[in-house]
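Colleague: Can you look at this prediction? I've put the sequence above it.
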Amino acid sequence: MIEGMRRTLLVAAIAGAVLALPALAAQAQNPVLIAKVGYHNAYKIALRTPDGKLVQSIPAGTYAIVVHDYSKIHNFALGSQTENKRLFTTGIRWVGTKTYTVTLAAGNYAYACSAHFRTMNGTFVVTGG
Ligand SMILES: [Cu+2]
């Protein structure tokens, strides 16, 4: 009987913990943007929202940018044109997926492949702040 009660309390405690976790995770989560470069070595680069729209204008804030760098001949670099500052870059030879958490203030931003920046690039605006 006591053993049974103890088990019930333990299960309730675990269930409570599991239920509480998604709420905490959602609170800490930043909006996600998806960067892709060089799929099948194509000379293509893009930054999109999770539903596939090209990022053109977004509100100021902190974002989780998930970068998929598919190619050993391309990379993905993001910079602020307003502040003339690079925020992050993957290596050209590097291939993989990495998430960068960046806080974007209002201004103009550009992303590009460093090796082919004249043709592989894009820009967007961060508003407000
Ligand atoms: Cu390139």
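Modeller: Thanks, I have the structure now.

Colleague: what about the helix or strand hosting Tyr63 and the ion, any contact?
Modeller: Assigned by DSSP states H and E, Tyr63 belongs to strand 61-69. No: using C-beta under 5 Å from the ion, strand 61-69 stays clear of the ion, coming no nearer than 10.1 Å. C-beta here means a position set from N, CA and C on the backbone, and glycine is covered the same way.

Colleague: residues in contact with Gln81?
Modeller: Gly107, Asn108, Tyr109, Ala110, Thr123 (C-beta atoms under 8 Å, 6 or more residues apart in numbering).

Colleague: The same query, at a cut-off of 6 Å, please.
Modeller: By C-beta atoms under 6 Å, 6 or more residues apart in numbering, the residues touching Gln81 are Asn108, Ala110.

Colleague: following the lowest-mean-pLDDT helix or strand in the chain, which helix or strand shows up next?
Modeller: Least confident element among the helices and strands of the chain, by mean pLDDT, DSSP states H and E: helix 2-28 (a mean of 53). Once the chain leaves helix 2-28, the next helix or strand it forms, by DSSP H and E, is strand 32-37.

Colleague: Please spell out which residues along whichever helix or strand comes after that following strand are buried.
Modeller: Sequence order places strand 45-48 as the next helix or strand after strand 32-37, per DSSP H and E. Going by neighbour count (16 or more other C-beta atoms under 10 Å), the buried part of strand 45-48 is Ile45, Ala46, Leu47.

Colleague: In terms of secondary structure, what does strand 45-48 contact?
Modeller: When contacts are defined as 3 or more C-beta pairs under 6 Å, 6 or more residues apart in numbering; DSSP states H and E, strand 45-48 packs onto strand 32-37.
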